[in-house]
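Asks: requesting a structural model of the entry that follows:
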Amino acid sequence: MPELPEVETMRRGVLPIVGHRILSAERPLCERRPILFEPPIRNFHNRVRDRVIRQIDRLGKRVIIRLDDEQAIVIEPRMTGLVLLSDPPGTDHLRLRLNLDGRRYSQLLFWDRRGLGTVRLLSADQLRQQDEARLGSDALAITADQLRQVLGASRRVIKVALLDQTVLAGIGNLYASEILFVARISPKKSCHRLTRI
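Replies: Down below sits the predicted model:
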């Protein structure tokens, strides 16, 4: 189940394609549950064709492929998705293929067994609006003081608060449980009752 560390690993794994030009975008035929894919593939292909991959970022549980014209391909793997350069676990769950101009790395693939992931092509403004509306600070970037400020007055239980992506982007059920176990904090304790060590 991809959470922040797994998505960061995916991001690092596809970094070698930075600087590559996109030749085409394909949405392979998949008879499995369809994923959210915006815009439709023909429009998607026309907008990304001949664009250069400028940067690959991660925000929370999303891989963000930034293009040279300020557009961004945002892939959210969710439960069973993988962002790869080669060797997907199978071909019947491929959801996106970007064909690239590289010799060693000629494609980027999004594979999703359960069909829960999403692929969106967003303008810089759309990405900014989406991030501001739906995502809190990245879990690797927030400081303890910032987290205390965001959660300090909340009456929610700490585990529910940690899972809220509008508060803290990137933490899922598994890591929330592990964090609280290591910190010796009951997942049922209210945020406003937590104290400094």
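
Asks: quick one: the strands in the chain, in order.
Replies: 22-26, 36-38, 53-59, 62-67, 72-76, 81-84, 94-100, 107-112, 118-122, 137-138, 168-169 (DSSP state E).

Asks: run me through the strand neighbours of the last one, direction for each.
Replies: Just to be clear, that refers to strand 168-169. As defined by DSSP bridges, the strand partners of strand 168-169 come to strand 137-138 (parallel).

Asks: what does the partner strand rub up against?
Replies: Applying CB atoms under 8 Å, 6 or more residues apart in numbering, the external contacts of strand 137-138 come out as 4, 58-60, 146-147, 150, 168-170. C-betas here are computed from N, CA, C, even on glycine.

Asks: generate a ChimeraX selection restricted to the buried entries among these.
Replies: Per 16 or more other CB atoms under 10 Å, the buried members of the contacts of strand 137-138 correspond to this ChimeraX selection:
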select :4,58,59,60,147,150,168,169,170
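
Asks: between the contacts of strand 137-138, which is nearest Leu100?
Replies: Ranked by distance to Leu100 (CB to CB), these are led by Arg58 at 19.8 Å.

Asks: how close does that closest one sit to Glu3?
Replies: Arg58 sits 11 Å away from Glu3, taking CB to CB, to the nearest Å as the criterion.

Asks: please apply the same query to Gln165.
Replies: Note on Gln165: its distance to Glu3, by CB to CB, is 11 Å.
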